[in-house]
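> Mind looking at a prediction? Sequence and model below.
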Amino acid sequence: MQKTLLGKWVLILLLIFLSFSILTYAKFVLLPLTLAGLLAMLFMPISGWFERKGISRALASLFCVLLFIAILAVVIYFFIWQINAITQDVSAIQSNVMNKIHQLEMFLYKSFGITPSSQEQIIKGKTPGGLGNIISSFMGSLIFFITNFIIMLVYLFMLLYSRRHLKIFILKLVPDNQKAKTESIISASSKATQHYLFGFGLLVTLLWILYSISFSIIGVKNPVFFASLCGLLEVIPFVGSLTGITFTVLMVISQGGSGAMILTVLIVYVIIQFTQFYIIQPSLLGGEVDINPLIAIVVLIIGEMVWGLGGMVIAIPLTGIAKIVFDNVEELRPYGYLLGRHTSSKQNVLFKSRRWLRGKTIKKYREND
């Protein structure tokens, strides 16, 4: 029996190793295909709406691809417009940065005895390559991104166009007595995934509004740009939000912001993150795809190891989809529970606060009565 158990675990470990190897070596095929699959789930209701209006599926799929390109173009144009507004103050930013660098050099000299000339030599010694290597690397990355983006658009069109063919293929894989259950699982998973992706888009928009209002009240220059950056980077949970607020703080420093302003920005960030985590996100995304924070961190690390930045972007949505499927399959429900978040933490914060407020209200009513 021990040999049988040992052989089972050896097979499981071998399967995990082979899966990671395939995902790593097939990155250039699977990453754009997975991104296109997520977008296809998001645009399926729109494609269905076009088809109900009498438009052919091919043309409806093409309209969805063009709509995605238009949305992306608006986002890119918005950020370019905001960056141009920031560059108008480039001389003041450069002066503030040089002043801060000088203060840092003097601090290092007084505290550790490192002269400014020695600091410059250390920085030069650790700067990899020259300007030509940087430009060459950037152009290579840009060409790679454009190529994969075009491939992803082709995948998106083909997945929208042939979605019924793929559904029939999945149904042909299961026995006849399981077809109804499988079709129900596909339908439920698809709807829940669409709700998750649409809710996540609303979450990013709402965070952009909250950050914009907060940064404007604080007095941060170009608040809409930094608010949009903080909201957009939420596609990478934990890491993205920290990156956005770090960049915002650095720009506030470079623009000559005071210490009180920096502290206020950090306080606003903590308050908005708390509100997002306990109130906004459960309301918009729903409990069915509420991922355990420990699992979220693990899948983010695995996603980065396997597929880099793109893997971090799709790690949480894929985990959410896996949880939806697990919750709808009787044999896999324990794994769905493992991926989900335990509800007691939210109940301790939300339900206890509601109970406390309700108790205060009843007590005050009785006193007045």
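Nice, I can see it. Numbering: from 1, shown residues only.

> Give me the residues contacting stretch 228-248.
In this structure, residues lying in contact with stretch 228-248 by CB atoms under 8 Å, 6 or more residues apart in numbering are 75, 78-79, 82, 200, 203-205, 207-208, 211-212, 215, 220, 226, 265-266, 269, 273, 296-297, 300, 309, 312-313, 316. Using the backbone N, CA and C atoms, a C-beta is placed for each residue, glycine as well.

> Pull out the buried positions in that stretch.
228-234, 236-237, 240-241, 244-245, 248 (16 or more other CB atoms under 10 Å).

> can you redo those residues as CSV with secondary structure and pLDDT?
Shown next, in CSV, are the buried residues of stretch 228-248 (DSSP: H, G, I helix; E, B strand; the rest coil; pLDDT from 0 to 100):
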residue, secondary structure, pLDDT
Ser228, helix, 82
Leu229, helix, 81
Cys230, helix, 81
Gly231, helix, 79
Leu232, helix, 79
Leu233, helix, 79
Glu234, helix, 76
Ile236, coil, 73
Pro237, coil, 69
Gly240, helix, 74
Ser241, helix, 76
Gly244, helix, 80
Ile245, helix, 82
Thr248, helix, 83
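
> Can you tell me which of these is closest to Tyr161?
Leu232 (29.2 Å; CB to CB).

> Distance of Ala296 relative to Pro317?
11 Å (CB to CB, to the nearest Å).

> Just want to know which of the two has more residues nearby.
Under the neighbour definition other CB atoms under 10 Å, Ala296 and Pro317 were set side by side, and Pro317 has more, 22 against 19.

> so that one sits right up against Met41, yeah?
No: look at Pro317 against Met41 with CB atoms under 8 Å: they stay out of range, at 9.2 Å.

> Common neighbours of those two, please.
The contact lists of Pro317 and Met41 share Thr193, Leu197, where a contact means CB under 8 Å, 6+ apart.

> which residues does Val299 contact?
Contacts of Val299 by CB under 8 Å, 6+ apart are Ile291, Ala315, Ile316, Leu318, Thr319.

> can I get those in JSON lines with secondary structure and pLDDT?
As requested, the contacts of Val299 are arranged in JSON lines below (three-state DSSP; pLDDT from 0 to 100):
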{"residue": "Ile291", "secondary structure": "strand", "pLDDT": "75"}
{"residue": "Ala315", "secondary structure": "helix", "pLDDT": "82"}
{"residue": "Ile316", "secondary structure": "helix", "pLDDT": "79"}
{"residue": "Leu318", "secondary structure": "helix", "pLDDT": "82"}
{"residue": "Thr319", "secondary structure": "helix", "pLDDT": "83"}
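
> mind putting those in JSON lines, distance to Lys53 included?
Formatted as JSON lines, the contacts of Val299 follow (distance: CB to CB, whole Å):
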{"residue": "Ile291", "distance to Lys53": "37"}
{"residue": "Ala315", "distance to Lys53": "36"}
{"residue": "Ile316", "distance to Lys53": "34"}
{"residue": "Leu318", "distance to Lys53": "32"}
{"residue": "Thr319", "distance to Lys53": "35"}
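
> Check the residues you listed and tell me the two furthest apart.
Checking these with CB to CB, the most distant pair is Ile291 and Leu318, at 10.5 Å.

> elements contacting the longest helix along the chain?
If you go by DSSP state H, the chain has its longest helix at helix 179-218. Under the contact criterion of 3 or more CB pairs under 8 Å, 6 or more residues apart in numbering; DSSP states H and E, helix 179-218 touches helix 27-52, helix 163-172, helix 223-232, helix 259-275, helix 281-285, helix 293-328.

> if we can go back for a sec, which one of the contacts of Val299 has the most neighbours?
Using other CB under 10 Å as the neighbour test, those are led by Ala315, with 24 neighbours.

> What distance do you get for that residue to Ala58?
With CB to CB as the criterion, Ala315 and Ala58 are 32 Å apart.

> thinking again about what came up before, can you put the buried residues of stretch 228-248 in CSV and add distance to Ile46?
Below are the buried residues of stretch 228-248 laid out as CSV (distance: CB to CB, whole Å):
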residue, distance to Ile46
Ser228, 24
Leu229, 27
Cys230, 28
Gly231, 23
Leu232, 22
Leu233, 26
Glu234, 23
Ile236, 26
Pro237, 26
Gly240, 26
Ser241, 29
Gly244, 29
Ile245, 33
Thr248, 34
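
> So which of the residues you listed is the closest to Leu67?
Distance to Leu67, by CB to CB, is smallest for Leu232 among the buried residues of stretch 228-248, at 18.7 Å.

> Distance check, that closest one against Gln82.
Distance of Leu232 to Gln82, computed by CB to CB: 12 Å.

> cool, and Ile324?
As judged by CB to CB, Ile324 and Gln82 stand 36 Å apart.

> more crowded one of these two?
Ile324 (23 against 16).

> was I right about that one contacting Lys191?
No: counting by CB under 8 Å, Ile324 does not reach Lys191; the two are 9.2 Å apart.

> about what we covered before: relative to Val65, which of the helices and strands packed on helix 179-218 is closest?
Set against Val65 and scored by CB to CB, those come closest in helix 27-52, at 8.3 Å.

> For the closest one, which residues meet the burial criterion?
So, applying 16+ other CB under 10 Å, buried residues of helix 27-52: 27, 30-44, 46-47, 50.

> For the next helix or strand after that helix, give the mean pLDDT please.
Following helix 27-52 in sequence order, the next helix or strand is helix 57-87 (DSSP states H and E). Confidence for helix 57-87, expressed as mean pLDDT, is 87.

> which one is Pro45 nearest to, not counting chain neighbours?
The shortest distance from Pro45 to any non-neighbouring residue, by CB to CB, 6 or more residues apart in numbering, is to Gln194 (6.4 Å).

> Now do the contacts for the one you found.
Applying CB under 8 Å, 6+ apart, we find Gln194 in contact with Met41, Leu42, Met44, Pro45.
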